[in-house]
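Colleague: model this:
(chains A and B)
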Amino acid sequence: MSTLILAPILITLATTIVCLLAWKRLRLQQLMSIVGAAALLATGIALLTSVMRHGILVVQVGNWPAPFGISIVADLFSAMMIVVTGVVGLSVVIYSISSVDLHRQRHGFHFLLHALLLGVSGSFLTGDVFNLYVWFEVMLIASFVLVALGGERAQLEGAIKYVTLNLVASALFLASAGVLYGTVGTLNMADLARQLSGETLSGVPTLAGAILLIAFGIKAAVFPLFFWLPASYHTPPVAVTAIMAGLLTKVGVYAMIRVFSLLFACEFAYARPLMLFVAAATMVTGVLGAAGQFEIRRILSFHIISQIGYMVMGLAIFTPLALAGTVFYIIHHIIVKTNLFLIAGIVERIKGTCQLKKLGGLYGHHLWLALLFLIPALSLAGIPPLSGFWAKLILIRAGLEAGHYALIATALVVSLLTLFSMTKIWNEAFWKAEPEKDASDLSAAIPKSVFPLAVPVCLLAVLTVIIGVSAEPLFALSQLAAEQLLDPSDYIDAVLK
Amino acid sequence: MEVVMAITVGVLYAAGFYMILRRSLVKVIIGLALLSHASNLFLFTVGGLTRNGTPLISESGVMEAEVYADPLPQALILTAIVIGFGVQAFALVLFKRVFQTVKSDDLDELTTTEQAEVTS
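Modeller: All right, here's what the predicted structure looks like:
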């Protein structure tokens, strides 16, 4: 049992080490990379089924009893996130082997990718605030190097903005961990939840909550703290962007949900009007930012921000249905957004550019790619019967029940504007006639094999359709996860028993 | 002692944020280092300052609050310092590469990622 909870962390750690040891043997690295990611997915599924059967699973690291040692906790929400991490990890690894250039792959790409997955898995499973900080740093340093790996000018400039703002967030996170330890005397999340609940708090833990909100807000890229994201996400190779777009900001959202449902559930009432506003502003600024862009990856980067708004919206409404909607939305979004970036990568491979003005005619030459693009694009905009429709439906239903009509109106308008952005990409890249090109462009457009790239794309597209067509199992699971989140007593009992 | 520490932490935070807002790359990295120091010292201070205490519990098992020095904040800070050291070392190399590539340490020159046409 205990090995199963630790397995996602141990497997990614082992893969990272093996990739590092096999530095000069690229084939072996690629093989281990695929095996490691597949094993992560498999253990994720095993962990999820085990959590569904036995309830929340806990391991006390080193057998130190709960409030003193570090607890590793897997509840439904964490287990679901581990599964989706495995899905995205496996897809991106398969994709990267034929898409990332050999120079980058020889200089530690696979090693860094798994270090990133290690940090992400650790963040999802830890039950200790300081340990969460450590996993965040593991994840961040791997992503810093991944963003800068290759050393192109745009990458370096993007990396500076990314590194600086994320380090500020880390410093704030550390400070708030200090406040929590100084006032409550523990860093174990379950113990914190027990001690912070019930009584009316002095202002000091509330201060910690406020600082945490800012720190996680920067990492999740919510309004007004998102500026690092559109400045950096389109610069690295598309496989890197895809995994970061899929997972990293969502780790911020995950941390936000975990902390505000568990630790500051009663304090959170103060922050909710603010969160409602932040959710709406995040949606609107993200989608408007995307409307002004004419490069596929930049459009998609801005859409990450706008989608984060939906997730924060569910957290801000804070009813069981809304939280279930947020969980559903996160799962749907990670799959769809990763897929869209991977497709952008295929477009770039075929045409040599992601600039909409230079693209065109893909529908004629590559009909399959156009259809593959439509699935995640329409899902992102929320067209039935794809996964995004159900995600938005749940959130909007929750909003109506709670009476947040202005927010609902915003969410609906934003989803229309999302559709506008997606049709813009569709029109420019796929539908319109190919622009006249000179001889230099022709040489860039030599058809290369894109079949290996299409495999993970198809996998993710099938998942999107499955979630869309039979949304019920995932929705039921999300509801259970939301109930666990809203009633922390199970979590506290499981950890502190 | 707490007052002195509080003022020090405040000054470090203020200086750190001020330096980050400057345009020079070198000043930004100094600012990042100051911020991380400020957070470490802050963690140290809010963890409780005890002079001449030991982190040991007497044989009777009773913890006397006035002489007991909590070792945990220091363990946390040690971890945070190591992490901060690694991250700052990386940031320093990154900033050097940026300087070599862009040939300028002015942050306002780093605008190619904001332009519509990115040639990468």
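
Colleague: what mean pLDDT does stretch A:275-283 have?
Modeller: Rounded to a whole number, the mean pLDDT of stretch A:275-283 is 92.

Colleague: buried ones in that stretch?
Modeller: Buried residues in stretch A:275-283, defined by neighbour count with 16 or more other C-beta atoms under 10 Å in any protein chain shown: A:275-276, A:278-283. Every residue, glycine included, has its C-beta placed from N, CA and C.

Colleague: low-scoring pLDDT stretches of chain B, where are they?
Modeller: Within chain B, the ranges that satisfy pLDDT under 70 run B:56-58, B:61-67, B:112-120.

Colleague: and the strands in it?
Modeller: Under the criterion DSSP state E, strands are not mapped anywhere in chain B.

Colleague: longest helix anywhere in it?
Modeller: Taking DSSP state H as the assignment, the helix of chain B that covers the most residues is helix B:72-102.

Colleague: does that helix reach chain A?
Modeller: Yes - contact of helix B:72-102 with chain A is found when judged by C-beta under 8 Å from any C-beta of the partner chain, involving B:72-73, B:76, B:79-80, B:83, B:86-87, B:90-91, B:94-95, B:97-98, B:101-102.

Colleague: enumerate every residue touching B:D70.
Modeller: Counting by C-beta atoms under 8 Å, 6 or more residues apart in numbering or on different chains, B:D70 touches B:47-48, B:50, B:55.

Colleague: now the residues you listed in a markdown table, with neighbour count?
Modeller: Listed next are the contacts of B:D70 as a markdown table, based on neighbours: other C-beta atoms under 10 Å in any protein chain shown:
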| residue | neighbour count |
| --- | --- |
| B:G47 | 21 |
| B:G48 | 17 |
| B:T50 | 15 |
| B:P55 | 12 |
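
Colleague: ok, and which of those reach chain A?
Modeller: Subset of the contacts of B:D70 in contact with chain A: B:47-48, counting by C-beta under 8 Å from any C-beta.

Colleague: quick check, nearest of the contacts of B:D70 to A:M311?
Modeller: Using C-beta to C-beta, B:G47 comes nearest to A:M311 of the contacts of B:D70, at 33.6 Å.

Colleague: please name the nearest non-neighbouring residue to that closest one.
Modeller: Closest residue to B:G47 in three dimensions, ignoring its sequence neighbours and counting by C-beta to C-beta, 6 or more residues apart in numbering or on different chains: B:P73, at 2.8 Å.

Colleague: what about the buried residues of stretch A:275-283, which are in helices?
Modeller: Judged by DSSP H, those include A:275-276, A:278-283 as members of helices.

Colleague: closest to chain B among those residues?
Modeller: For chain B, the nearest member of those is A:T282. The distance, counting by C-beta to the nearest C-beta, is 20.1 Å.

Colleague: wait, isn't the closest one in contact with A:G309?
Modeller: Yes - judged on C-beta atoms under 8 Å, A:T282 makes contact with A:G309 at a distance of 3.4 Å.

Colleague: got any residues that touch both of these two?
Modeller: Here A:T282 and A:G309 have A:222-223 as joint contacts, going by C-beta under 8 Å, 6+ apart.

Colleague: circling back to that earlier point, with distance to chain B as extra columns, can I get the buried residues of stretch A:275-283 in a markdown table?
Modeller: Shown next, in a markdown table, are the buried residues of stretch A:275-283 (distance: C-beta to the nearest C-beta, whole Å):
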| residue | distance to chain B |
| --- | --- |
| A:M275 | 25 |
| A:L276 | 28 |
| A:V278 | 22 |
| A:A279 | 26 |
| A:A280 | 25 |
| A:A281 | 21 |
| A:T282 | 20 |
| A:M283 | 22 |
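
Colleague: list the contacts for the residue nearest to the spatial centre of chain B?
Modeller: Here the mean C-alpha position of chain B is nearest to the C-alpha of B:S36 (C-alpha atoms, centre = their mean), at a distance of 0.5 Å. Shown in contact with B:S36 (C-beta under 8 Å, 6+ apart): A:167, A:170-171, A:174, B:80, B:84, B:87-88.

Colleague: which one (most neighbours) among those residues?
Modeller: The most crowded member of the contacts of B:S36, judged by other C-beta atoms under 10 Å in any protein chain shown, is A:L174 (28 neighbours).

Colleague: surely that residue touches B:L41?
Modeller: No - because the distance of 10.9 Å does not satisfy C-beta under 8 Å, A:L174 is recorded as not touching B:L41.

Colleague: which residues of chain A score low on pLDDT?
Modeller: For chain A, applying pLDDT under 70 flags the ranges A:1, A:198-202, A:266-268, A:436-448.

Colleague: the strands in it, which residues?
Modeller: Assigned by DSSP E, the strands in chain A fall at A:57-60, A:71-74.

Colleague: run through who's touching the last one.
Modeller: What that stands for is strand A:71-74. Strand A:71-74 has contacts (C-beta under 8 Å, 6+ apart) with A:5-6, A:9, A:47, A:51, A:56-61, A:82, A:125-128, A:188-190, A:491, A:494-495.

Colleague: that older thread, which one among the contacts of B:D70 gets closest to A:A290?
Modeller: Using C-beta to C-beta, B:G47 is the member of the contacts of B:D70 that sits closest to A:A290, with 44.4 Å.

Colleague: quick one: which of the contacts of B:S36 is nearest A:V35?
Modeller: After measuring the contacts of B:S36 against A:V35 - C-beta to C-beta - the closest member comes out as B:V87, at 30.0 Å.

Colleague: list the contacts for the closest one?
Modeller: The neighbours of B:V87, taking C-beta under 8 Å, 6+ apart as the test, are A:137, A:140-141, A:144, A:167, A:170, B:36.

Colleague: ok, now A:L395?
Modeller: Listed by C-beta under 8 Å, 6+ apart, the contact set of A:L395 reads A:310, A:313-314, A:317, A:322, A:325-326, A:329, A:411.

Colleague: gap between it and chain B?
Modeller: Between A:L395 and chain B the distance is 32 Å, computed by C-beta to the nearest C-beta, to the nearest Å.

Colleague: CSV please, covering the contacts of A:L395 and showing neighbour count.
Modeller: As requested, the contacts of A:L395 are exported to CSV (neighbours: other C-beta under 10 Å):
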residue, neighbour count
A:Y310, 27
A:M313, 29
A:G314, 28
A:I317, 25
A:A322, 25
A:G325, 31
A:T326, 31
A:Y329, 26
A:A411, 22
